[in-house]
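[1] sequence isn't available, so here's the structure alone:
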DNA sequence: GTGAAAGCGCTAACAC
DNA sequence: GTGTTAGCGCTTTCAC
């Protein structure tokens, strides 16, 4: 253990200036004379001094820490989002404090409270809901919250999502126009806004084309649930000839059941469509037709919404919706007539 | 914006006790009388008070923040590790501040300096090397460092790795005993200890069984590099009949090239073995024979090594090596004679 | 432009 | 046990 902590006082002494001069030197806005700056820089370098962010935050009220709550990283969409979010925030001088929230509802509230203890400058909730009570508490503490890939019926909450309804609608149209007769849906967790919207759009798209839903099961966004849903749905005589699975992660498991357990051929026996466009969807082993969530755009919007709220506390909350294009691959039959 | 920040003074006033009583109530070790505790609890609850972790850390010198540096989350092994690490640390009252370090070497030093600014209690370097200069700096600052899935020739650094040599050796034996004649290797980034050890073990295993390496290419742990390596290696007359790819993530891309571009059959034309055993390796689309990195064990060792160093600064550094079992699936031929 | 002084919210001696 | 006091390392008035 060498010299432990070096303080601005030590630097000041060595540089022959006051401690506040040292502080000013390290504070972006402040003005220091060329000569002082040089002396401070040299002293700081020889001592290896760097300002203590925590002590600074105590007085400025800004920690430059953003709390990120994420439920699980198993679905490849989230690591990707986390990496991009962290990089984007890092570029703006912020850092991400991660909080894993187990699915259990009660847990998230306690997690949020822990976050607040760290005096974070903002909170990003990735695929996690916020109790209105906690939302109020964050607002009271003056901590901006942005919901990422989830939204709630609360106009005071800022959120960034794909246009799940439009995405679902495209899927409905695609499957109907491809001439499928028995079109099914494997839903995710029904408490999620993403699920409800994707399904609502999907049904709209079907209706628009004169089709209707033939079968429906729930997969809860979980592998085992999705597998079971697929087995229940397809292990019968009059099985569906197309299925929209609410996200890619479940779709992979569904495809595995169809191909390897049930011996079905995709897309000849059944078309499969997912949602997210995670990297694996593009790999030849799945070649999954899906709706792309534009992670870069979502992250950019999330970061800018967050910074806007931090820098200007009066900023109006916004609900951002990002266009989500349908990506055609070979897991689903192509439309027979190009109507649009 | 409601009442902004509530301080312990406000709580003290409402509870009719001194501010230090409030502090004691929230400090695990301290003793408060039952009566005072009740009064403080009530006042704190009605005010919604929670102690400011940052202010506390200023005086205790403990932030309960662990800095985690990770290069990229694309390889599924890392999100898994991150999730488990964060959960385990959270259970111990610590939280993870994430720092993404782009591969560039210079970057990691500046990232490390940023981490130190946050007065973290410890640093976990996941698959990232540490310049000895920086290592010294951490030591000077009294900040324990644990290398996760990487190690360096520095006995003063604590590290947690799989037994990569033994794992590689098993792969060498497997391929040799399965009767392969032209055994190849696609390496990851050669600067990584994991790569060097896996390959060294692999060559040992081959030699042991009287076999030798037939071809070698470098994939740098990167998808496109791995694909090109596979093309160079297999698009010839006398192509290898078995290949050990240095991690699963590259192995998937290699398999795709072999099967879909070159029309080879696995394992009939060529056996493929990976390293990591990420979830996807077990899926039927790959059924990859691989060496398992026991993420849970690695995380448990990492956390306990970290806590030991934090709680007891004199703790000797350790180099932990975790047994890494070979997992047999169908991407590689099984040994012809069971000798062991 | 610069230094002295006050204080961010808290914990840790120290007397009582 | 409890309150009083002195800082943790820093930023920020405020005179000069």
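    Right, received. Where do you want to start? Source: prediction; values computed, not measured.
[2] mind showing which ranges of chain A have poor pLDDT?
    Under the criterion pLDDT under 70, the flagged ranges of chain A are A:1-3, A:103-106, A:337-340.
[3] quick one: name the residues of it near DNA strand C.
    Along chain A, the residues adjacent to DNA strand C under the rule C-beta under 7 Å from any atom of the strand are A:17-21, A:24, A:31-33, A:35-36, A:55, A:58-59. Yep, even glycine has a C-beta here, placed from its N, CA and C like the rest.
[4] try 6 Å this time
    Selection of chain A residues close to DNA strand C by C-beta under 6 Å from any atom of the strand yields A:17-18, A:20-21, A:31-33, A:35-36, A:58-59.
[5] now these: which count as buried?
    The neighbour-count criterion (16 or more other C-beta atoms under 10 Å in any protein chain shown) marks A:17, A:21, A:32, A:36, A:58 among the residues of chain A next to DNA strand C as buried.
[6] tell me the residue of the stretch 201-340 of chain A that sits nearest chain B?
    Residue nearest to chain B within the stretch 201-340 of chain A (C-beta to the nearest C-beta): residue A:285, separated by 4.2 Å.
[7] dump the residue contacts of that residue.
    When contacts are counted by C-beta atoms under 8 Å, 6 or more residues apart in numbering or on different chains, residue A:285 touches B:256, B:285-286.
[8] cool, and residue A:203?
    Taking C-beta under 8 Å, 6+ apart, we find residue A:203 in contact with A:168, A:172, A:213.
[9] helix or strand for it, just tell me which one.
    helix A:193-208 (DSSP states H and E).
[10] ranking the contacts of residue A:203 by neighbours, who comes first?
    If you count neighbours using other C-beta atoms under 10 Å in any protein chain shown, the busiest of the contacts of residue A:203 is residue A:168, which has 30 neighbours.
[11] ok, that one touching residue A:194?
    No: under the criterion of C-beta atoms under 8 Å, residue A:168 lies out of contact with residue A:194, with a separation of 9.7 Å.
[12] quick one: stretch A:249-257 near chain B?
    Yes: judged by C-beta under 8 Å from any C-beta of the partner chain, stretch A:249-257 comes into contact with chain B at A:252, A:256.
[13] which stretches in the stretch 101-250 of chain A count as strands?
    Under the criterion DSSP state E, counting those that start in this stretch, the stretch 101-250 of chain A contains strands at A:122-126, A:145-148, A:158-162, A:183-187, A:213-218, A:242-245.
[14] closest one to DNA strand D among those strands?
    Proximity to DNA strand D, assessed across the strands of the stretch 101-250 of chain A by C-beta to the nearest atom of the strand, is greatest for strand A:122-126 (18.5 Å).
[15] can you name every helix or strand that the closest one contacts?
    Under the contact definition 3 or more C-beta pairs under 8 Å, 6 or more residues apart in numbering or on different chains; DSSP states H and E, strand A:122-126 sits against strand A:65-70, helix A:77-91, strand A:145-148, helix A:295-311.
[16] and those as JSON lines, adding mean neighbour count and distance to residue B:138?
    Below are the helices and strands packed on strand A:122-126 laid out as JSON lines (neighbours: other C-beta atoms under 10 Å in any protein chain shown; distance: least, C-beta to C-beta, whole Å):
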{"stretch": "strand A:65-70", "mean neighbour count": "25", "distance to residue B:138": "20"}
{"stretch": "helix A:77-91", "mean neighbour count": "21", "distance to residue B:138": "20"}
{"stretch": "strand A:145-148", "mean neighbour count": "25", "distance to residue B:138": "33"}
{"stretch": "helix A:295-311", "mean neighbour count": "19", "distance to residue B:138": "30"}
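[17] follow-up on the earlier one: for the residue of the stretch 201-340 of chain A closest to chain B, which three-state class applies?
    In three-state terms, and counting by DSSP: H, G, I helix; E, B strand; the rest coil, residue A:285 is coil.
[18] now it: how far from residue A:255?
    Taking C-beta to C-beta, to the nearest Å as the measure, residue A:285 falls 9 Å from residue A:255.
[19] go on, residue A:310?
    Look at residue A:310 and residue A:255: by C-beta to C-beta, they are 43 Å apart.
[20] tell me how far the residue of the stretch 151-300 of chain A found nearest DNA strand C lies from residue A:142.
    In the stretch 151-300 of chain A, no residue comes nearer to DNA strand C than residue A:156, which is 24.6 Å away by C-beta to the nearest atom of the strand. Distance of residue A:156 to residue A:142, given as C-beta to C-beta: 14 Å.
[21] which one's more surrounded, the two?
    It is residue A:142, of residue A:156 and residue A:142, that has more neighbours when counted by other C-beta under 10 Å, with 16 against 12.
[22] tell me the domain boundaries of chain A?
    Following automatic domain parsing, chain A resolves into domains at A:8-51, A:63-163+A:295-325, A:164-293.
[23] could you dump these to TSV with distance to residue B:122?
    Below are those laid out as TSV (distance: least, C-beta to C-beta, whole Å):
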stretch	distance to residue B:122
domain A:8-51	18
domain A:63-163+A:295-325	15
domain A:164-293	32
